[in-house]
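[1] Pasting the sequence and the predicted model now:
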Amino acid sequence: MADTGRPSKYKEEFCIEAEKLCRLGATDKELADFFEISKATLNNWKTEHPEFLDSLKNGKMASDVRVTEALFKKATGFEYQEEQAFKCKAYDEKGRQIEVLQSRTVTKFIPPDSTACFFWLKNRQPAKWRDKQDINVSGDVGIEVTWQE
């Protein structure tokens, strides 16, 4: 018996578009909206078209790597180069004083950010850095506790 369902809107070129969108941080809901389909249809495309699923994974992995690198830099501090413009005095050919715009490259430092540090550590070492610590205390403190109803 032939399939009588509606023809798929899927096209091979969607792989390229989907990967680019995922590299920009698009969610599955945003992808579904972009392709004008439901989230269920998007999930079907992932199952029916392995190349489409691969493009989503590649795009999402690339954006996750960029964010991870940025969070790491924010948590550990980093240097960067910045071009600064400034005015200085000079003299023209007639000996008149004029202002000239110059530029120079300066190195700036962004110190580590404690919030980024906490976020990183809570996720990378949750047993040590989570908000709630489980502490077991045992032993006899010499007090008898009784329960009455």
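    That came in fine, so what should we check first?
[2] from here on, contacts and neighbour counts on C-alpha atoms
    Fine.
[3] Strands of the protein, start to end?
    Under the criterion DSSP state E, the chain contains strands at 78-91, 97-110.
[4] And residue 99, how far from residue 87?
    6 Å (C-alpha to C-alpha, to the nearest Å).
[5] what touches both of these two?
    Counting by C-alpha atoms under 8 Å, 6 or more residues apart in numbering, residue 99 and residue 87 have no shared contacts at all.
[6] Compute the first-to-last residue distance for stretch 108-117.
    End-to-end distance of stretch 108-117 (C-alpha to C-alpha): 20 Å.
[7] Please state the offset of that stretch from the chain centre?
    Distance, stretch centre to chain centre, for stretch 108-117: 16 Å (C-alpha atoms, centre = their mean, to the nearest Å).
[8] Quick check: buried residues in it?
    Within stretch 108-117, the residues that qualify as buried are 116, 117, counting by 16 or more other C-alpha atoms under 10 Å.
[9] any idea of the mean pLDDT in that stretch?
    Computed over stretch 108-117, the mean pLDDT rounds to 94.
[10] Same check on stretch 137-149?
    71.
[11] start at 342 instead
    Right, with 342 as the first residue, what we last looked at is stretch 478-490.
[12] Show me the helices in the chain, by range?
    For the chain, the helices defined by DSSP state H cover 355-364, 369-376, 380-389, 391-417, 455-465, 467-470.
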